[in-house]
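Participant: Sharing a model that was predicted from the sequence below.
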Amino acid sequence: MAHFIHTSDWHLGNSFAGFDRDTAKKLNRARLDAVKAIFVYAQKKKIPFILCAGDVIDNGQLAAESILLELFAVVKQFPHTRLILTAGNHDPLMANTIYSRVSEESYPENVQLVQRRERIRIAAGNVKILAASNSEKRGNYNPLHWIQPEDIDDNMIHVGLAHGGLANEKFQDNPFPIEPGFARTKKLDYLALGDWHSYKKINDRTYYCGTPEPLQFGDAGCALHVTIEKQGAIPKVEPVNVSQYEWLQEEVELSDRDFPGFKAKLAQGNPGEKVIRRLTTAGFLSAKNYKTYKEIIRMERERYYKIDDRVSITPTDTDFLDMADGYMKALLQRLMDMKQQDFPLPEEIFNNVIPQDLLDLEQSLSPEKQAIVDKALLKLYNYYRTLGGDK
């Protein structure tokens, strides 16, 4: 039975250019802490080896040697866990690679860096690793193209290890393209891939684990605990979360009606140091609420990596009428009249402006009806404002 961890895309030494120096340092430390958490898990579960599918270092040609030495210091704490590394497109085995700038004597005994292409036998679990390191940053070939039928031995479990994109119509320009059915074609029991930063199951035998620690908003990776009972058996794959920071992004559409709820939500204490938050706000507020909103945003700004503020003061009737002429001006006037008089809501006016399921409201001028009219007016106003006020 094979029992191992599949991980990739550690990107140690990332610059985190959008952050201040202290925060960038903390985020980089978190990357190394996530790697250590993988080893802690492996030790706890008595997993004999870890496979890392490339991009261990964020920039293999420019990174300081200390970044790799810090990793080795962590690995040395777990001498009974073997680490097999491949180079990816961020840290390829090119001239001046960090892997050659660090002396061989510095490599821990339990670390093996794959040189171009290797066939590695592991007694624990009767496993054969067919692994490839990238030697350039971009290539239009599958890094494991060299695997031949004679590489597949009877009664052994075969695992492919490489760094590359998926080869299909959607991702035609991916470097180092790997066919979705490659594991099946080459009779691999499992194909451990790196490159994508979020977890993705391609099929029963092919997985991207993603980066264990987010590099940006949207990254959703993990380590994968893989168990294969015997040659030909479908792998059991268990995601293991080791991330240190949570990256949260929120989009809020504001109006005077829901502004009190927005205030209460932002007042709910500090979310913690290990949260990177981005907030996007949009909508319209009365002058009074807008002033309060601006004060809140100013006080809360330090809690956010970025606040994209798109909120405006609710336009006046004059603002509405000044932005258009002809038919559109007449339409806007009719909408404003509806707020003051008991006019019905004609479907032809609201086509593609309000949800169709709201057109069946009773024709009395209810608060809900006023809200619909306001929504239609503001939607038209936003549209014209986006066009730069062209008539």
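Facilitator: Thanks, I have the structure now. Residues are numbered from 1 along each chain as shown.

Participant: At which residues are the helices of the chain located?
Facilitator: Taking DSSP state H as the test, the helices found in the chain are 21-44, 65-75, 98-101, 182-185, 259-266, 287-300, 317-322, 326-340, 347-350, 367-386.

Participant: Summarise which helices and strands the third one is packed against.
Facilitator: Right, helix 98-101. helix 65-75 (3 or more CB pairs under 8 Å, 6 or more residues apart in numbering; DSSP states H and E). Glycine gets a C-beta too; all of them are placed from N, C-alpha and C.

Participant: now the angle between helix 21-44 and the helix it packs on, please.
Facilitator: Here helix 65-75 points in a direction 30 degrees away from that of helix 21-44 (axes from the mean of the first three to the mean of the last three CA atoms, to 10 degrees).

Participant: what about the nearest residue to Trp146 once chain neighbours are set aside, how many neighbours?
Facilitator: Excluding the flanking residues, the one nearest Trp146 by CB to CB, 6 or more residues apart in numbering is Arg117, at 5.7 Å. For Arg117, the neighbour count with other CB atoms under 10 Å is 17.

Participant: Same check on Lys170?
Facilitator: Neighbours around Lys170, by other CB under 10 Å: 7.

Participant: That one and Pro177, how far apart?
Facilitator: Here Lys170 is placed at a distance of 12 Å from Pro177 (CB to CB, to the nearest Å).

Participant: now swap in Lys128 and tell me
Facilitator: In terms of CB to CB, Lys128 sits 24 Å off from Pro177.

Participant: what's around Lys14, how many residues?
Facilitator: Slight slip there: residue 14 is Asn, not Lys. 20.

Participant: In contact with the closest residue in space to it that isn't next to it in sequence, which residues?
Facilitator: Sequence neighbours aside, Asp58 is the residue nearest to Asn14 in space, at 4.3 Å (criterion: CB to CB, 6+ apart). Asp58 sits next to His11, Leu12, Gly13, Asn14, Ser15, His90, Asp91 when contact means CB atoms under 8 Å, 6 or more residues apart in numbering.

Participant: what do you get if the cut-off is 7 Å, keeping everything else the same?
Facilitator: His11, Leu12, Gly13, Asn14, His90 (CB atoms under 7 Å, 6 or more residues apart in numbering).

Participant: how about these in CSV, adding distance to Lys291 and pLDDT?
Facilitator: Compiled in CSV, the contacts of Asp58 are given as follows (distance: CB to CB, whole Å; pLDDT from 0 to 100):
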residue, distance to Lys291, pLDDT
His11, 43, 98
Leu12, 46, 98
Gly13, 45, 96
Asn14, 40, 96
His90, 47, 96
